[in-house]
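Trainee: The following comprises the amino acid sequence and a computationally predicted model.
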Amino acid sequence: MSTTLLLAAYALPVVLGLALILPWTAPLFLGMSEKLPFLKTRRDRIFAGLNLTLLAGLAISVQTQWIHAKVSEGANFCASNTIFSCDDVIGNANYNTMPVLDVSWGMVGMCTFAFLLFLTYASSKEPNATWVKTCIDLGTLMTFAGLGVIGLLVSYEIEMEKICQFCTMAHIANIVALGGFIQLRMMHGEKAWND
């Protein structure tokens, strides 16, 4: 499968997740709410969009970890002479390791997206539980902190003069998730939470 098709497959759930999260897209989904009841309320649409986006982020992170393993073995996955070369970015041992824990950024992404997905999925199943507010606050904090990590990783790409397409897609998933968590945080405890 080509890199472009694979990226498109990852982009589709992120874009759909974004569409579910955005407040002005509700009319697009209300017609389908009879067959898909989770589309009836804004809260449930945001949870669905977050779950979809975070699942895509997890899959992308698994892909980057796999690329890291392949490049470490000497194989190529998406090497290129152009600015887009995930092999050059992910395969660079000086930049593709989290300084504190000495693990690859793909592994950090896998763990982070898996934990965030657990928070949103559990919260979507019990939206009125007392612990949901804590999960939403934690998700907001983690995705906000992710902006700092994104800034660091983008600075590495600028220094290398290469762009990792898969990393960029994971960064976009984090930003979309942050938007979803912020909206849930603003809604929680308000009348709109149970409408």
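Mentor: Structure's in. What do you need? Numbers count the residues shown, from 1 in each chain.
Trainee: Of all residues in this structure, which one is nearest the centre?
Mentor: Ala173 (3.0 Å; CA atoms, centre = their mean).
Trainee: Can you pull out the low-pLDDT segments for the protein?
Mentor: 1, 74-82, 195 (pLDDT under 70).
Trainee: Look up the closest residue to Tyr95, ignoring the ones flanking it.
Mentor: Excluding the flanking residues, the one nearest Tyr95 by CB to CB, 6 or more residues apart in numbering is Tyr156, at 4.2 Å. Every C-beta, even on glycine, is put in place using the N, C-alpha and C of the backbone.
Trainee: again, but for Arg45
Mentor: Leu20 (4.8 Å).
Trainee: Equivalent analysis for Leu116, please.
Mentor: Per CB to CB, 6+ apart, closest to Leu116 is Leu54, 5.1 Å.
Trainee: give me the number of residues near Ala8?
Mentor: Neighbourhood size, Ala8 [other CB atoms under 10 Å]: 11.
Trainee: sorry, back to before: spit out the contact partners of the residue nearest to Tyr95.
Mentor: Val89, Asn92, Tyr95 (CB atoms under 8 Å, 6 or more residues apart in numbering).
Trainee: Could you list the alpha-carbon positions for the host helix or strand of the first one in PDB?
Mentor: This points to Val89. Taking DSSP states H and E as the definition, Val89 sits inside helix 86-90. Output of helix 86-90 as PDB, limited to C-alpha atoms (Å, rounded to 0.1, in the frame of the first residue of the first chain):
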ATOM      1  CA  CYS A  86       9.300   9.800   7.700                       C
ATOM      2  CA  ASP A  87      12.200   7.400   7.600                       C
ATOM      3  CA  ASP A  88      14.700  10.300   8.000                       C
ATOM      4  CA  VAL A  89      12.700  11.700  10.900                       C
ATOM      5  CA  ILE A  90      11.600   8.600  12.700                       C
END
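Trainee: Can you name every helix or strand that it contacts?
Mentor: Using 3 or more CB pairs under 8 Å, 6 or more residues apart in numbering; DSSP states H and E, the elements in contact with helix 86-90 are helix 42-72, helix 132-160, helix 165-187.
Trainee: go with 10 Å
Mentor: If you count contacts as 3 or more CB pairs under 10 Å, 6 or more residues apart in numbering; DSSP states H and E, helix 86-90 packs onto helix 42-72, helix 105-125, helix 132-160, helix 165-187.
Trainee: Could you pull out the buried residues of the third one?
Mentor: It stands for helix 132-160. 132, 135-136, 139-140, 142-143, 146, 149-150, 153, 156-157, 160 (16 or more other CB atoms under 10 Å).
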